[in-house]
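Participant: The following comprises the amino acid sequence and a computationally predicted model.
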Amino acid sequence: MAKGKAMVVARPKSRTVQVVQAARRGASKLAEKRKATKGMAIAVVSAGVLGYAESPGADGQPRVKLPKIDALGVPGTYGLLAAGIYAATDSDMAAHIGTGLLSVAIYNAAKAPKKTDTVRGAEYVEAAGAVDFE
């Protein structure tokens, strides 16, 4: 070893320090998971409340008349509203609610029957003489 140069020796951390650091990491991961789970639970409850409000009552009318954008429907309107709240406040709960409601709105839009009186391709079948649609 050269004169005047100090040698630096890295000591391994004690087992106690290693255990405490691992516990801190685990606690923070657990807190993150708990926070996410809480947001999802609230999102499910809020979607259930919205579904109950929209469901027909004894007279066949919705229990609560909710304002909506006609093109989006009730779930799409409130999903868009929750997504806007998430963008403004960075709230995980609003993100979960928005994602769930927009998913329901997309599902409802995809399953809705198309309002048409014509059968696609009927003119080709009719032209071939296979079926008479009149």
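Facilitator: Happy to help now that I have it. Fair warning: this is a prediction, and the values are worked out from it, not measured in the lab.
Participant: which residues does the residue at minimal distance from the centre of the chain contact?
Facilitator: Residue closest to the mean C-alpha point of the chain, counted by Cα atoms, centre = their mean, is Thr99 at 2.5 Å. The contact partners of Thr99, by Cβ atoms under 8 Å, 6 or more residues apart in numbering, come to Ala43, Gly79. C-beta coordinates here come from the backbone N, C-alpha and C atoms, glycine included.
Participant: mind listing what's buried in the helix or strand where it lies?
Facilitator: If you go by DSSP states H and E, Thr99 is part of helix 92-111. By 16 or more other Cβ atoms under 10 Å, the buried positions in helix 92-111 come out as 92-102, 104-105.
Participant: Same question for stretch 48-60.
Facilitator: Leu50, Glu54.
Participant: Distance from it to the middle of the chain?
Facilitator: Relative to its parent chain, stretch 48-60 has a centroid offset of 22 Å by Cα atoms, centre = their mean, to the nearest Å.
Participant: what's next to it, contact-wise?
Facilitator: So stretch 48-60 is in contact with Pro62, Arg63, Val64, Leu66, Val74, Pro75, Tyr78, Leu101, going by Cβ under 8 Å, 6+ apart.
Participant: Mind telling me what element the fifth one is part of?
Facilitator: Taking DSSP H and E as the criterion, the element that holds Val74 is helix 73-89.
Participant: which helices and strands does that helix pack with?
Facilitator: The elements that helix 73-89 packs onto, with contact taken as 3 or more Cβ pairs under 8 Å, 6 or more residues apart in numbering; DSSP states H and E, are helix 15-54, helix 92-111.
Participant: For the last one, C-alpha coordinates in PDB please.
Facilitator: It refers to helix 92-111. This file holds the C-alpha atoms of helix 92-111, laid out as PDB (Å, rounded to 0.1, in the frame of the first residue of the first chain):
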ATOM      1  CA  ASP A  92     -56.700   7.000  -7.700                       C
ATOM      2  CA  MET A  93     -60.300   6.500  -6.600                       C
ATOM      3  CA  ALA A  94     -61.500   8.700  -9.400                       C
ATOM      4  CA  ALA A  95     -59.300   6.700 -11.800                       C
ATOM      5  CA  HIS A  96     -60.900   3.400 -10.700                       C
ATOM      6  CA  ILE A  97     -64.400   4.800 -10.900                       C
ATOM      7  CA  GLY A  98     -63.800   6.300 -14.300                       C
ATOM      8  CA  THR A  99     -62.200   3.100 -15.700                       C
ATOM      9  CA  GLY A 100     -65.100   1.000 -14.500                       C
ATOM     10  CA  LEU A 101     -67.900   3.200 -15.700                       C
ATOM     11  CA  LEU A 102     -66.300   3.800 -19.100                       C
ATOM     12  CA  SER A 103     -65.800   0.000 -19.400                       C
ATOM     13  CA  VAL A 104     -69.500  -0.500 -18.700                       C
ATOM     14  CA  ALA A 105     -70.400   2.200 -21.300                       C
ATOM     15  CA  ILE A 106     -68.300   0.600 -24.000                       C
ATOM     16  CA  TYR A 107     -69.900  -2.800 -23.200                       C
ATOM     17  CA  ASN A 108     -73.400  -1.300 -23.400                       C
ATOM     18  CA  ALA A 109     -72.600   0.400 -26.700                       C
ATOM     19  CA  ALA A 110     -71.100  -2.800 -28.200                       C
ATOM     20  CA  LYS A 111     -74.100  -5.000 -27.200                       C
END
